[in-house]
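A.B. asks: Sequence first, predicted coordinates after that:
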Amino acid sequence: MAPGELALLASVFVVAACGLVYELAAGALASYLLGDSVLQFSTIIGTYLFAMGLGSWLSRFVERQLVAQFLRIELLVGLIGGLLPAGLFIAHSLLPVGAAASFRLLLYGLVLVVGALVGLEIPLVMRILKRHFSERYALRELVSQVLTFDYLGALAVALAFPLLLVPHLGLVRTGVFFGLLNTAVAVWTLWLFRAELRRAGAYAAACAAVLAVLGAAMLGADHLTSWTEDHFYGDRVVLRESSAYQRVVVTSGPAGVRLFLNGNLQFHSRDEYRYHEALVHPAMAAHGAPRRVLVLGGGDGLAVREVLRYPSVEKVTLVDLDAHVTRLFREQPMLRALNRDAFHSPKVEVVNADAFQWLEQAHEPFDVIIIDFPDPSNFSLGKLYTTTFYQRVDQALAAGGYLVVQTTSPLVARESFWTVATTLEAVGFSVTAYHTLVPSFGEWGFTLAGHRPWRMPQALPPGLRFLTLQGLPSMLYFPPDMARVPTQVNRLSNQVLVHSFEREWGQLQ
């Protein structure tokens with residue numbers, strides 16, 4: 001295989017990898033900034049694929065100077081695609097509050113431009129190969145070779161993006177890095193075909209300019225990320241890290257400490273006690289003397305903190321997918337203070353695993369199971385609210401035990417809230433729904449379930465800041481705007497909860 005031929009096929013691998021990175025970065029950014037939703041990823045991917053098809057169709061009109069056209073396209077893709085995450089972060093920070101429509105217009109406009117340019121790349125490479133190496137290839141062999149390298153590049157990035165690139169480089173640096181790779185392909189092309197290119201000096205200057213811009217962006221990525229996150233979150237950002245699963249940001253301000261995962265608020269220290277006391281104590285206190293407790297989710301340890309108030313508790317098992325989050329709340333002094341060193345208690349065992357799979361191997365019964373997952377904003381989370389999941393929870397629940405589920409807002413997402421109750425009843429549980437006000441989130445709901453009816457507890461642990469025996473009855477009353485409505489059962493086969501959640505919360509945007 002000739003060096004030029006090998007170089008062009010290698011460039012197919014690189015441009016395929018770069019193209020997929022820009023698509024994944026746009027989808028991740030849409031989820032971060034517009035809400036962690038299956039809608040964001042599906043519409044971004046659909047728009048990007050449409051734009052690639054448009055670019056492939058437009059390639060038929062490129063008839064002359066194929067190498068020069070390919071070189072220009074590589075520089076444009078490298079510059080626009082490489083700066084896409086940084087540009088979107090900056091735009092989101094500068095746009096006024098409530099300008100989501102303007103941000104979406106910019107987002108999808110950039111996705112269309114980058115997708116169309118990426119769609120032009122492969123057809124041009126194939127035509128360049130055919131023109132310069134026609135004696136070596138029949139058409140079917142050419143297509144086979146090019147598509148093989150194309151798909152291999154896509155596979156490599158699909159694996160590296162969530163496991164290596166985002167956790168270690170972040171979205172901004174990942175975009176810039178692959179922009180540099182696209183520009184390197186342009187430089188490579190310039191070197192290989194320098195003899196036949198007109199104005200090779202002008203192309204060399206253009207390559208140098210793009211490399212300089214992207215190099216500066218790479219060097220300033222940390223400052224840019226800090227600036228945009230400071231604007232986005234308002235308060236001073238004191239911790240910003242990326243795990244294999246999510247972006248973790250902790251802010252600190254006059255009102256207290258806040259935790260954000262993928263841009264979504266998880267708690268505010270000024271009122272998280274209202275949420276966690278309401279989540280934990282109605283089930284724990286009603287049980288009487290729980291010994292073994294399972295917490296699913298809740299990697300911040302705040303629910304575990306409340307569980308440890310009960311002297312009868314002998315063991316608490318916390319199952320959370322993200323080891324990065326549980327490590328932070330075990331080691332970081334400010335976060336340890338919030339959960340009162342819950343993870344350092346000898347009673348607590350932390351298991352970093354997918355709760356859906358972990359429950360298959362759970363053989364010991366638990367007296368109380370506390371389910372503190374994020375809201376069902378996508379199908380991956382939605383499966384944790386299905387009959388299949390609750391059947392697995394039922395197998396881990398001791399006879400006479402209780403489970404409780406955080407269940408979004410019955411005011412904002414009324415149908416979604418009652419879908420959880422309907423789903424638990426379909427598994428055979430007796431259900432008690434309740435709600436309370438958490439100022440940082442608004443009116444928030446919980447669903448308590450068991451195979452014996454729930455009864456009002458006779459006592460609560462000392463030292464609670466919010467929950468009282470006198471206040472419990474009011475939490476059971478649902479006024480007309482939050483009262484129960486007929487809903488479907490949420491199953492793995494339909495995931496109706498994800499659709500209703502997206503629709504109801506989407507009305508606020």
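C.D. replies: Looks like it arrived, so ask away.

A.B. asks: that's a strand at residue 310, yeah?
C.D. replies: No - according to DSSP: H, G, I helix; E, B strand; the rest coil, residue 310 belongs to no strand; its state is coil.

A.B. asks: contacting residues around stretch 405-425?
C.D. replies: Outside stretch 405-425, the residues that touch it by C-beta atoms under 8 Å, 6 or more residues apart in numbering are 275, 279, 371-373, 375-376, 385-387, 390, 431, 433, 435, 441-447, 449, 478, 481-482, 484-485, 487-491, 496-497, 500-501, 504-505, 508. Yep, even glycine has a C-beta here, placed from its N, CA and C like the rest.

A.B. asks: And it, end to end?
C.D. replies: Start to finish, the residues bounding stretch 405-425 are 13 Å apart (C-alpha to C-alpha, to the nearest Å).

A.B. asks: Let's test this: mean pLDDT of that stretch, rounded?
C.D. replies: Stretch 405-425 shows a mean pLDDT of 97.

A.B. asks: starting at the chain centroid, how far to it?
C.D. replies: How far stretch 405-425 lies from its chain's middle: 22 Å, per C-alpha atoms, centre = their mean, to the nearest Å.

A.B. asks: Now do the closest residue to residue 328 other than its chain neighbours against residue 441, distance only.
C.D. replies: Excluding its sequence neighbours, the residue lying closest to residue 328 (C-beta to C-beta, 6 or more residues apart in numbering) is residue 335, at 5.8 Å. Counting by C-beta to C-beta, to the nearest Å, the separation of residue 335 from residue 441 is 20 Å.

A.B. asks: quick one: which of these two has more around it?
C.D. replies: Set residue 335 next to residue 441 and count neighbours by other C-beta atoms under 10 Å: residue 335 wins out with 22 against 18.

A.B. asks: Which strands border the helix or strand containing residue 258, and is each parallel or antiparallel?
C.D. replies: Here residue 258, judged by DSSP states H and E, is contained in strand 256-261. Using DSSP bridges, the strands paired with strand 256-261 in its sheet are strand 247-253 (antiparallel), strand 264-268 (antiparallel).

A.B. asks: how about these in CSV, adding mean pLDDT?
C.D. replies: CSV is the format used below for the strands paired with strand 256-261 (pLDDT from 0 to 100):
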stretch, mean pLDDT
strand 247-253, 87
strand 264-268, 88
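
A.B. asks: Save the ones you listed as CSV, and put in distance to residue 159 and mean neighbour count too.
C.D. replies: What follows is the strands paired with strand 256-261, written out as CSV (distance: least, C-beta to C-beta, whole Å; neighbours: other C-beta atoms under 10 Å):
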stretch, distance to residue 159, mean neighbour count
strand 247-253, 20, 20
strand 264-268, 26, 19
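
A.B. asks: Please parse the protein into its domains.
C.D. replies: 3-231, 233-267, 272-506 (automatic domain parsing).

A.B. asks: ok, the residue nearest to residue 328 touching residue 252?
C.D. replies: No - Residue 335 is beyond contact range of residue 252, at 10.9 Å (criterion: C-beta atoms under 8 Å).

A.B. asks: if I pick residue 276, what's in contact with it?
C.D. replies: Contacts of residue 276 by C-beta under 8 Å, 6+ apart are 302, 303, 305, 306.

A.B. asks: Can I get stretch 427-444 in CSV, CA atoms only?
C.D. replies: Coordinates of each C-alpha in stretch 427-444 appear next as CSV, following Å, rounded to 0.1, in the frame of the first residue of the first chain:
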residue,chain,number,x,y,z
VAL,A,427,-46.3,-5.2,42.1
GLY,A,428,-48.5,-5.9,45.1
PHE,A,429,-47.5,-3.2,47.5
SER,A,430,-49.8,-1.2,49.8
VAL,A,431,-48.9,2.5,49.1
THR,A,432,-48.9,5.7,51.1
ALA,A,433,-48.1,8.9,49.3
TYR,A,434,-47.0,12.1,51.0
HIS,A,435,-45.3,15.5,50.2
THR,A,436,-43.6,18.5,51.7
LEU,A,437,-42.1,21.8,50.7
VAL,A,438,-38.4,21.9,50.0
PRO,A,439,-37.7,25.6,49.1
SER,A,440,-34.8,24.7,46.7
PHE,A,441,-37.1,22.3,44.7
GLY,A,442,-40.6,23.4,45.5
GLU,A,443,-43.4,21.0,46.5
TRP,A,444,-41.8,17.5,46.6
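
A.B. asks: mind listing what's buried in it?
C.D. replies: Residues 427, 429, 431-436, 438, 440-441, 443-444 are the ones in stretch 427-444 that count as buried (16 or more other C-beta atoms under 10 Å).
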